[in-house]
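> Take a look and give me a structure for this.
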Amino acid sequence: MSRLAVSAPCIVGLLALLTLTLGCSPAGPSRDQESATAMRITPKASQEIEEMAPVPTLRVATFNVSLYGKQAGQILDRLSDGEDRQAEKIAAIVQTVRPDILVVNEIDFDAESKTARVLNDLYFARSQDGLEAWSFPHVQSFPSNTGVDSGLDINGDQKLGSPDDAWGYGVYPGQYAMAVFSRHAIRVDEIRSFQNLLWSEMPGALVPVDPKTGKGYYSDEVWSELRLSSKNHVDVPVRVDGRTLHVLASHPTPPVFDGPADHNGCRNHDEIRLWTEYIGGGENDWLRDDGAGTGGLAAEEAFVIFGDLNADPDFGDGRREAIENLLAHPRTIDPEPAPAGATDDAEAGRNQSPLATADFGRNGLMRVDYVLPGDQFRVVDAGVFWPRKVDGDDVARRQRDRMTASDHRLVWVDVAWQP
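Residues are numbered from 1 along each chain as shown. Sure thing, here's the model as predicted:
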């Protein structure tokens, strides 16, 4: 559904309010006061809005919803009665932000996208706590390397079959997978996935090596067969206003839970780097998708990169070069959406990114979730669902309670096609 960018006089007037936490409601389904209080306008987006006339916009978003269980089918069973409290909170957030395209991380993959469709049909499509329903006609979930046993001793403990011996860490196949929810048609037959791409096929791959011994973390047998993606990397073409938008979605492994060889840090770096290579042009024949196609995305194609990339350019234990390069890439736009309420959750001694999208407890508030439009778009507005604490305000209290559904926050961006 198209939206109209708000007018410059509206922005100028609102920005004069020192307590501003919301933007003017775009055209389309109306937002009530509760919906509006979760919105904010970034300084960068505000400046852009003042300089241009109203144009149709598309709202795109990403959300790591932490919907995973201890065994296959558990989440589907939980959601099937339409009364799961975590899913209700997730749906209320989605109904507040009302994106046109939403990438969800950490939702189980199963046949026919059953879990994702139940989340859409029984939660998004039903009013939550008085909010207007907001469902998606097109839903597609994707297979994941998580929990898929490799048959190899990946972690070198002389045992087989543990979660660490799966192609991507997971207790059961499909755990921590991802799905795309869209109000525009998904061109299913043109989807590209890179689930099976070998890590060793990436030119200049970061091979994990123990700095004390000089030995590689992986045996030669494992390295020759290990897949790059800990979950999957997918290119999902979506038809919007007669044009094709490539939804580039992934969820790289966290760069922690390892040792001196930094095998998770190396993998996270190269999983992020895959997108830099994919949008960078050139031959890139090593980029072989699961359908035997090769190469990256053509320069004239429009894209948005979505997902929990598990990388903060300023904080944490990750190798920051990959995320820095992706943010600085000449084909990507970083809207830099700032979380209005994150300062209310800051504590002394914890990391605090001014662009935080997740609260990792004692490890602090970090930016790990991204929506990065390509250069075929211009950014109109952007934000993070992170409402402020307002004592005595019931609306704010309900919104803050919804954030307990996940340690991540929904990130959204309004984009308009370049002329």
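> Now do the SS call for Glu271.
helix (DSSP: H, G, I helix; E, B strand; the rest coil).
> Pull the number of nearby residues for it.
28 (other C-beta atoms under 10 Å). (Each C-beta comes from the backbone N, C-alpha and C, glycine too.)
> In the protein, which residue is most central in space?
Gly307 (1.9 Å; C-alpha atoms, centre = their mean).
> so which helix or strand takes in that residue?
In this assignment (DSSP states H and E), Gly307 forms part of strand 302-308.
> swap in Leu119?
Using DSSP H and E, Leu119 sits within helix 114-119.
> what's near enough to touch Phe257?
Shown in contact with Phe257 (C-beta atoms under 8 Å, 6 or more residues apart in numbering): 169, 264.
> need the strands for the stretch 151-300 of the chain, in chain order.
178-182, 192-193, 233-240, 243-250 (DSSP state E, counting those that start in this stretch).
> so what pLDDT did Asp391 get?
pLDDT, Asp391: 88.
> what about it, how many neighbours?
A count of neighbours around Asp391, defined by other C-beta under 10 Å, yields 6.
> Could you do the one 4 residues further on as well?
By the criterion of other C-beta under 10 Å, Val395 has 16 neighbours.
> try Pro260
When neighbours are counted by other C-beta under 10 Å, Pro260 registers 12.
> Now that it has come up, it's in contact with Pro211, right?
Yes - in this structure, Pro260 is within contact of Pro211 by C-beta atoms under 8 Å, at 5.9 Å.
> Low-confidence stretches in this protein?
Scanning the chain for pLDDT under 70 picks out the ranges 1-54.
> What ranges does it have for its helices?
8-15, 33-36, 43-50, 74-79, 85-97, 114-119, 220-225, 263-278, 321-327, 394-402 (DSSP state H).
> Mind listing what's buried along the last one?
Along helix 394-402, the positions that meet the burial threshold by neighbour count (16 or more other C-beta atoms under 10 Å) are 395-396, 398-400, 402.
> For the residues you listed, give me TSV that also has distance to Arg126.
Below are these laid out as TSV (distance: C-beta to C-beta, whole Å):
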residue	distance to Arg126
Val395	20
Ala396	23
Arg398	17
Gln399	19
Arg400	22
Arg402	15
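> Asn264: which of these is nearest?
When the buried residues of helix 394-402 are compared for distance to Asn264 (C-beta to C-beta), Arg402 comes out closest, at 30.5 Å.
> Quick check, that closest one in contact with Ala92.
Yes - contact status for Arg402 versus Ala92: in contact at 5.1 Å, counting by C-beta under 8 Å.
> now the strands of the stretch 151-300 of the chain in CSV, with mean neighbour count and distance to Leu297?
Output for the strands of the stretch 151-300 of the chain, formatted as CSV (neighbours: other C-beta atoms under 10 Å; distance: least, C-beta to C-beta, whole Å):
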stretch, mean neighbour count, distance to Leu297
strand 178-182, 26, 17
strand 192-193, 18, 9
strand 233-240, 22, 7
strand 243-250, 22, 6
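> closest to His329 out of the ones you listed?
strand 243-250 (12.2 Å).
> From the contact counts, what lies against that closest one?
Counting by 3 or more C-beta pairs under 8 Å, 6 or more residues apart in numbering; DSSP states H and E, the packing neighbours recorded for strand 243-250 are strand 101-107, strand 178-182, strand 233-240, helix 263-278, strand 302-308.
> would you list these in CSV and tack on distance to Tyr370?
As requested, those are exported to CSV (distance: least, C-beta to C-beta, whole Å):
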stretch, distance to Tyr370
strand 101-107, 10
strand 178-182, 14
strand 233-240, 14
helix 263-278, 10
strand 302-308, 7
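> one step back: could the helices of the chain be laid out in TSV, adding distance to Asp189?
Below are those laid out as TSV (distance: least, C-beta to C-beta, whole Å):
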stretch	distance to Asp189
helix 8-15	41
helix 33-36	36
helix 43-50	35
helix 74-79	26
helix 85-97	27
helix 114-119	19
helix 220-225	29
helix 263-278	20
helix 321-327	28
helix 394-402	37
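> wait, which of those is closest to Ile154?
Short answer: helix 220-225, nearest of these by C-beta to C-beta, at 5.5 Å.
> centre of the chain versus the closest one, how much separation?
30 Å (C-alpha atoms, centre = their mean, to the nearest Å).
> before we move on, back to that, distance check, the residue nearest to the centre of the chain against Val238.
15 Å (C-beta to C-beta, to the nearest Å).
> cool, Glu324 as well?
28 Å.
> now Ala311
With C-beta to C-beta as the criterion, Ala311 and Val238 are 25 Å apart.
> got a markdown table for the strands of the stretch 151-300 of the chain, with distance to Asp153 too?
Output for the strands of the stretch 151-300 of the chain, formatted as a markdown table (distance: least, C-beta to C-beta, whole Å):
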| stretch | distance to Asp153 |
| --- | --- |
| strand 178-182 | 28 |
| strand 192-193 | 26 |
| strand 233-240 | 25 |
| strand 243-250 | 26 |
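> Could you point out which of these sits nearest Pro99?
Comparison of the strands of the stretch 151-300 of the chain against Pro99 by C-beta to C-beta identifies strand 178-182 as nearest, at 8.1 Å.
> now what about that closest one, what contacts it?
100-107, 109, 113, 116, 120, 124, 136-142, 144, 186, 231-232, 234, 236, 238, 247, 249-251, 307.
> Check stretch 110-123 too.
67, 72-73, 75-76, 79-80, 82, 84, 87-88, 90-91, 104, 107-109, 135-136, 139-141, 174, 179, 181.
> Going by neighbour count, which residues of that stretch are buried?
In stretch 110-123, counting by 16+ other C-beta under 10 Å, buried: 110, 113-120, 122-123.
> For that stretch, list the C-alpha coordinates in CSV.
Provided in CSV are the C-alpha atoms of stretch 110-123 (Å, rounded to 0.1, in the frame of the first residue of the first chain):
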residue,chain,number,x,y,z
ASP,A,110,8.3,-25.6,8.2
ALA,A,111,6.5,-26.9,5.2
GLU,A,112,4.2,-24.5,3.4
SER,A,113,5.4,-21.7,5.8
LYS,A,114,2.8,-22.9,8.3
THR,A,115,4.2,-21.1,11.4
ALA,A,116,4.6,-17.8,9.6
ARG,A,117,1.1,-18.0,8.1
VAL,A,118,-0.4,-18.7,11.5
LEU,A,119,1.4,-15.7,12.9
ASN,A,120,-0.1,-13.6,10.1
ASP,A,121,-3.6,-15.1,10.1
LEU,A,122,-4.2,-15.4,13.9
TYR,A,123,-2.2,-12.5,15.2
